[in-house]
Structures are given as C-alpha cells and as structure tokens.
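Peer 1: let's see this in three dimensions:
(2 chains)
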Amino acid sequence: MGFLSKRRRHKAAKPLAIVLALFLMGALYSLVSPATQSRAETASAEQVARGKELFQQTCSSCHGMNGEGTTEAPTLRGVGAASVDFQMGTGRMPMARPEAQAPAKRTLYTDEEISAIAAYVATLGEGPAIPSADQYSGEGLSAEELARGGELFKTNCSACHNFEGTGGALPNGKYAPPLTKTSDKHIYEALRTGPQQMPVFAKGTLKDQDVKEIIGYLNTLHAQEDNGGLTLGGLGPVGEGFWGWIIGLGGCVTVALWLAKKGARAR
Amino acid sequence: MASRAGVTDRSEATEVQTPGKPHAMKPLSGVLGWADDRLGLATAGKGGLRKVFPDHWSFLLGEVALYSFIVLLLTGVFLTVWFKPSMAEIDYEGSYQLLKGIQMSEAFASTLDISFDVRGGLLVRQIHHWAAILFVAAATAHMLRVFFTGAFRKPREVNWLIGVGLFALATIEGFAGYSLPDDLLSGTGLRFVDGLIRSIPLIGTWAEFFVFGGEFPGTLVIPRLYMVHILLVPAILLGLIAGHIGLVVYHKHSQYPGPGRTEQNVVGYPMFPVYAAKAGGFFFVVFGILMLMGGFMQINPVWKFGPYNPAQVTAGSQPDWYMGWVEGAIRIMPNWEWHLGSTTWSWNIFLPGVGLMGLLFTALGVWPFVERWITGDTRNHHLLDRPRNAPTRTGLGVAGMTCYAMFWLAGGNDIIATHFHVSLNVVTHVMRVAVFVAPVIAFLIAKRICLALQRSDRERVLHGSETGIIERSIDGSYSEPHAPIDIDAAYTLTQHPVIPVTQATPGLDENGVPDPSRKVSRLRATLSHWFAGHQIPKPTRAEIEAAHHHGDDVDGVDPHGPDQNGVDQNGVDQDGADRAVESAQNPRELSARH
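Peer 2: Numbers count the residues shown, from 1 in each chain, chains lettered A, B, ... in the order given. You can find the predicted model right below:
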C-alpha cells in the first residue's frame, strides 16, 4: 500500500480520484438503472444494409438520406425500432400524402422489410426496441389487475381515445384514432414512442405491468358481449340522442300517422 | 289540413243507435250501479265519455310525451327500489369483472347492481333512459306543432305557458336523472353545471356552495338530486301535466280547418269507444317501442364509463340531447373573461350557458303575447292555422329551430370532426358564424316557401289542380288541363282569416278626441307590416266566379254551393264557444256539440 499512500498528496491524485469516482458511479448507474433503451442487438449487418437500402428508396425523400430529417418530416435519430415497427406496421408510414395526421391504412410492406428498416433506423440512435410478447401481452391477468388497467386507461387515455377506445377529435384536423382494431404490440409501441399527437408514456410513467393491464382491459372490454344491446357506435349521448329521435320519436310518429288515418272501423 | 283519409262512411261505433226499448232512465245495476251511487260516475262519465277529439297524427305528439312520462313513472318506481342515493365510498364486489375492487360511491355501485345483479334491471334502466329521451323529444315536437299551428293563441296562452314550464322542468328532471348514477359521464355533466352556477356574476361561488354543500363534488349532491329527481320535480310535473290536460278539456281540442269545422264545434270521434281504444292502444304502442329500444339498443353503458373520478375524463363527453345545445354554445363561445380586482367574470360560460337558456325560455314564454300585440287579434281561435297562412311566424319558428340545431351540432363538434374527417377548429369557427347566419337564411327561405304555397293554394282554387297530362290540340298546341278541386278542398284552402295589417294612428275618435285605446304606435305598425304584410290575398267570390266561367272547367263546381260562404272571411263569435252550435256539414264526420 506504500505506493498509494506515498503519492496521495501528488498533484494528479485529486483529478484521478474524481475520474475514478465518476467511473464507479457511471458503472453503478448502468448496472442499476432500468434499460429504457436498447439497440436491436439481433440485427445482423446484412439486415441493416438491406434496411438502409429500403429506407433510401421509400423514406428518405421526407426523412433525409440518413434519417436526419427535413422540413417535411422529423429526424429519425433516436426514435428506435419500435417507432418504425408501429408507423409502418399500422400502414401510417409511408404517408400517402401530406395531411394533418397520417391515417392508419393497409401496409404494403412485409414483416421482413419492416424489421430491416427498423434495424437500420435503430442504428441511427438509441431508441425503444421492438417489444417482446411478454412485455405487452395482456393475457392471464386477474380481475383486479384488469380493473386497475381500466382505471389507468380512464386516467391516461380516454380523454382522447374515448371511454370505449373508439377515438376522438383533436385540434386542427388531428385525432386520436380508435383502438378497437389495434394490436397489443402496436398499443405498447405507441405508448413508448408517442407517435404523431400522442405523448410518450415512458417506463417511468407507465411500467410494463401497467401497459399490460391497460391492454388486457381494452381486450376484455372489446371482447365482452354488448350488455344491453347494440352499442350505437359507442359515441355516448350524441349517438343516443340521434337514435332516440330517429327510432323513438320516428317510430311513434309512424304509428301515429297510421292511427290517425284509421277512422272508426268498429264494424 | 283536414285529414279525411281512411274514414269509412258508415260504422256501428259512429252511428246513432235507436234502442228497441227505452232504457234511458233505467238505473244502473251491479258493480257500476254500486259505484255510481257512491262516486257519481255516470254524471262524470256522461261528459267525459262523449268528449270529442279530432283526428290528426300531430295531435298524438303530446300523447307520446304523456305516455313516455307514464313509462318513466313505472320504470322509475322499479329503479327506486334498488338505487342507493349515497356518495359513501365502497369497494365494488359485484359481478361486473372489469371494475372488481375499484373504489366507487354506493350510488354507482347500486347502478351496477341494477345493471348486472338485479333481474331485469338493465332492461328497466335502459327503458327508463330511452323514455326520458323520448319524453323530451316528443314534448319538443308537440311544442313545435302548437307553435306552427298557432294553437297558443287566445284562449290557450296560459296552457302554452304551462307547456313552457313543463319543457323547462323536463330538462331539469332529465339532467338530475343523468347525474344520479355517479358514473364518469354524470360527474362530468355535474362539473359542467357546477361551472354554469359558478359563472353567475358575484354570487356564483356562493350559489355553488349552496347547491353542493361546499366544494364540488362534496358528498351531498347525489342525495339532493335524488330528492329533486324522484320527488320534487315529478310532483310538479304531474301537477302541471294535470293542469295542461285539464285546460285541453276545458278549452276543447283545437282542430285543423276543413269543411264542417268551425270555431264553435269540434269534429272528430268521441272518447268512448273510439278514442279510448285509439289512445289506449297507442299507449301500449309507445310502451312497446320503448321496450324494444330498451331491449335492443344500449344506452348509457355506465359500466364502461366507470365511477366518477375528477381526475378522469373521456372524449365524447356530452349531455343527453336536450342539453346538447347549451353544451354546443359553450363549446363555440370565444374565451371572454374579465378580471376585476380579485373577481373573475366568466362571460365565456355565463352568456352561452345561463344567458342562452334564459333567452330561450323567455322568448317562448312571451311569444303569444308579442304576437297578439303585433296583430291586435283578440279573438278566440279554435281552428288551427295552416303554417303557410302565418308565413312570418312559420319563418320565425324555422329560424329558431335552425339556430337551436346549429348550437346542437356544435355540441357534437368532436363527433362531426372525427366522422366527417374535418378539422375540429373549422367546425367550431363555422358554427360561430352559422348560429347567426343560418337562422336568417332559414327565415327567408321558410317565409318564401309559405308565400309560394299560398300562391299555389290560390291557383288551385281559381284554376284547379295540375293533372300532369299534356294534351295536344288539333292545331298542334300543347296545354295541361287543370282539374277543378272539389268544394271541400276549396273551402279548406280559403277558410282562413286574413291577418290585417295595422296602420300607425295617433288614436283619435270620430270627434277628434284622443282615445288611447285606438292608438297604434309606429313600432307596432312596422311590426304588423312585417308580420302580416306580403301575404297573398285569397281569391274573392268574384274572382272565383270569373275563373269558373273562364271555360276550362269541364265539370265545374257550382260556385254558389251552400258551403261557399266559407270563402268569405270567417266571422268569429267572441263568446260562441258556449252558445252557438253548428251541426256538421259533412255527413261523413261526426260533430260534437258543446
């Protein structure tokens, strides 16, 4: 120990000690902190090359040759593979035309092509990876967990997506799309990447378990039988008032017309 | 128009029966006799059972409202048995799995129990809600019918006011019911009304604390609304409905004009047996329609909304339709707000919310008196106006409906935006303009249509109906022959009294002495011209005779027929309702004497 104790008053000792402490702190942090971002480790160089080729064909006109972004579209550095998987998997990207918001449509790309582009975009900067099924599957949750998912949904999501997940309007032609046909994986990816108008719900806000509960709640809600009859679009009182007038009063007036036309036919 | 379709010429029910043996004085026997001796049923029944009601589909709109109200009472009693009006917080342990273990008020938990654990509960709950929607809808349609046909005129102004009161109370009743389940939507609606109350200048905060017993939402509002919903307002509604119908009996039912129908009679069928069967049957039809709606159409799925939690909200948070126009007004209102010292003056909520509701009910309430002042018409009216014959009133009514509809659409601006793929902002901005412009356009169009219909009536009386047959004459010219209309139709088209235009006069009697009762102000004269001017004059006797001698009538109607005096302006007997009796001129219809 003579070596260290002899040089503890050396000029370089303090800076070195600080560097050492910082290194230790950093190492400790990387061990303890949650892995919010990870690279798609499985991507092979071949896949990335194929992805880059596809990217330059189909995405670069708006997002730039290296995904750096243009005046037309944002940069893709740091959006992660999950973002690409969501945007292309739901058909939102590539956009058919510039408009307020990219609508979901039938996707024309194969899964391999999408994963190749996702792998390439993941190399541009760290971002959320494509989740595995155990991160988002809403299967096997208890009734209490599903109910908690409902509370989380109504606290965080229904203000835009409506209580049944049928969607709602946002300013300037934007909208929260319906969630009735969205896959579990895409809901998870949307939460983590915040596509279009949606805010990002990071793992610090909603843990994977919370997301699972929300997805489980939505799946159970949409799978359950329609108690009480036709849902009339799940739009709330606007739909109810509309059909109340049309079928309720319309039906009564139809009968009234018939009744008033009928004279006293007592014979 | 007089509705005569489908009436058979002869019927046992309507024919005068001559009994073989006189039995008029034979005392009643059996149970009826027992009851008559004690309750005087025969005397009461004599008038009631012979009461005559005219036949027209639009007269049944009020009945739809009445029957939905009865359905509301019946289903409401059922719900009262199970509902717990308490805001005490409990953990839900009922059978709806997606809310298992969630903390909620007893009111919401009992609503879930009604929906999932009480046999038939969901059906009754849904019937109750659909009946509420139908009740206000039918009442509104009934009110529009009364407005457009001028049925609010003397002597029915008080009944119109009762109707306006019923309309306002029905809205309050519906809103209280909407709030009771304490689900997310009712809580959001209550918060909306909380905002309305607080927007009242100066006293808003105190009024809020008075209603909610402190800060929103507190623990008192559900029990209070429960009292309002099941006791206070229904009792007043029942009383007003009794008065409303009592006045219909007292005034006799108004009727559409037609041959044999005068200001002194009512042409129709008697209560017993015809209307007892028709109205009784119609009750079950309305009940049946509501049953089907309750059975097949989901309404207010409270289990999906979940319990009210001030931290939560859902897209598509709207009130039931009858509050939708206020919602719309507040949605499109620019954000006008004053901050004076420590006070906030929320004009952005007060004007469209409280102000607009006050404006609607005031306008409805004063209209009969305003119209009477403008026209100076003090006569009794038991014959209804055909809407075209009061073009300005009809135009105003259509303008009012249009304005209401624009506010209504604005209340669903988010649904419009998502379903028609337009920008929410564009919808809002368009509606801000439309609530002012659309009524004016609607007024002009409606008035023009009325005047065009008046012209067409005049044409039909003078030249007959278009036949749709084009004839080519021997020299090659084309013409459309007109078929003369029958005398009944001609009467119906020309019987209406023409509203006179009053001229401004300083009000002097024959001797030049000022007489205030004859004074007509300039304002009133201007309004009178606006209201009654521009009308198409109805054909005079001379014009009809000239037209009939024109030669294009093949089997022309005898212009001197006995009914033709109806073409002249009807003389109205002021106290005729009790005195003069006119028998029906049309043998196919019964006439009631009263």
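Peer 1: show me where chain A has strands.
Peer 2: Assignment of strands within chain A using DSSP state E yields the ranges A:168-169, A:175-176.
Peer 1: now for those, which one comes closest to chain B?
Peer 2: Counting by C-beta to the nearest C-beta, chain B lies closest to strand A:168-169 out of those; the figure is 2.7 Å. All C-beta atoms are positioned from the backbone trio N, CA, C, and that covers glycine.
Peer 1: counting by contacts, list what that closest one packs against.
Peer 2: helix A:158-161, strand A:175-176, helix B:413-419 (3 or more C-beta pairs under 8 Å, 6 or more residues apart in numbering or on different chains; DSSP states H and E).
Peer 1: ok, back up a step: mind checking which of the strands of chain A is nearest B:Ser423?
Peer 2: Closest to B:Ser423 of the strands of chain A, according to C-beta to C-beta: strand A:168-169, at 8.8 Å.
Peer 1: need the contact list for B:Phe192.
Peer 2: B:319, B:327, B:330 (C-beta atoms under 8 Å, 6 or more residues apart in numbering or on different chains).
Peer 1: could I get these as a markdown table with neighbour count and secondary structure?
Peer 2: Output for the contacts of B:Phe192, formatted as a markdown table (neighbours: other C-beta atoms under 10 Å in any protein chain shown; DSSP: H, G, I helix; E, B strand; the rest coil):
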| residue | neighbour count | secondary structure |
| --- | --- | --- |
| B:Pro319 | 26 | coil |
| B:Glu327 | 26 | helix |
| B:Ile330 | 22 | helix |
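Peer 1: show me where pLDDT drops low in the stretch 351-500 of chain B?
Peer 2: Within the stretch 351-500 of chain B, no range satisfies pLDDT under 70.
Peer 1: show me what from it comes close to chain A.
Peer 2: B:411-415, B:417-418, B:421-426 (C-beta under 8 Å from any C-beta of the partner chain).
Peer 1: what's the most distant pair in these?
Peer 2: Longest span within those, C-beta to C-beta: B:Gly411 and B:His421, 19.4 Å.
Peer 1: which of those two has more neighbours?
Peer 2: B:Gly411 (27 against 12; other C-beta atoms under 10 Å in any protein chain shown).
Peer 1: that one touches B:Ser317, doesn't it?
Peer 2: No. B:Gly411 lies out of contact with B:Ser317 (C-beta atoms under 8 Å); the separation is 10.8 Å.
Peer 1: list the buried residues of stretch A:179-192.
Peer 2: For stretch A:179-192, burial by neighbour count (16 or more other C-beta atoms under 10 Å in any protein chain shown) applies to A:179, A:182, A:184-192.
Peer 1: right, is it up against chain B?
Peer 2: No. Figure legend: stretch A:179-192 not in contact with chain B (C-beta under 8 Å from any C-beta); closest approach 11.5 Å.
Peer 1: mind checking the pLDDT average for that stretch?
Peer 2: Here stretch A:179-192 scores 92 as its mean pLDDT.
Peer 1: show me what that stretch is in contact with.
Peer 2: So stretch A:179-192 is in contact with A:82-83, A:85-86, A:89-90, A:128, A:130-131, A:133, A:135-138, A:161, A:164-167, A:198, A:200-203, A:206, A:211, A:214-215, A:218-219, A:222, going by C-beta under 8 Å, 6+ apart.
Peer 1: buried ones among the residues you listed?
Peer 2: By neighbour count, with 16+ other C-beta under 10 Å, the contacts of stretch A:179-192 hold A:82-83, A:85-86, A:89-90, A:128, A:130-131, A:135-138, A:161, A:164-167, A:198, A:201-203, A:206, A:211, A:214-215, A:218-219 as buried.
Peer 1: of these, list those near chain B.
Peer 2: A:161, A:164, A:166-167.
Peer 1: outline the domain layout of chain A.
Peer 2: Here the domain parsing of chain A from automatic domain parsing is A:45-124, A:133-223.
Peer 1: first to last residue in the shortest one, what's the distance?
Peer 2: Read it as domain A:45-124. 14 Å (C-alpha to C-alpha, to the nearest Å).
Peer 1: what parts of the stretch 51-200 of chain A come near chain B?
Peer 2: A:100, A:143-144, A:146-148, A:150-151, A:154-155, A:158-164, A:166-173, A:175-176.
Peer 1: any quick ChimeraX command for the buried ones out of those?
Peer 2: In ChimeraX, this line selects whichever of these come out buried by 16+ other C-beta under 10 Å:
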select /A:146,147,148,150,151,154,158,159,160,161,162,163,164,166,167,168,169,170,173,175,176
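Peer 1: many thanks, we can stop here.
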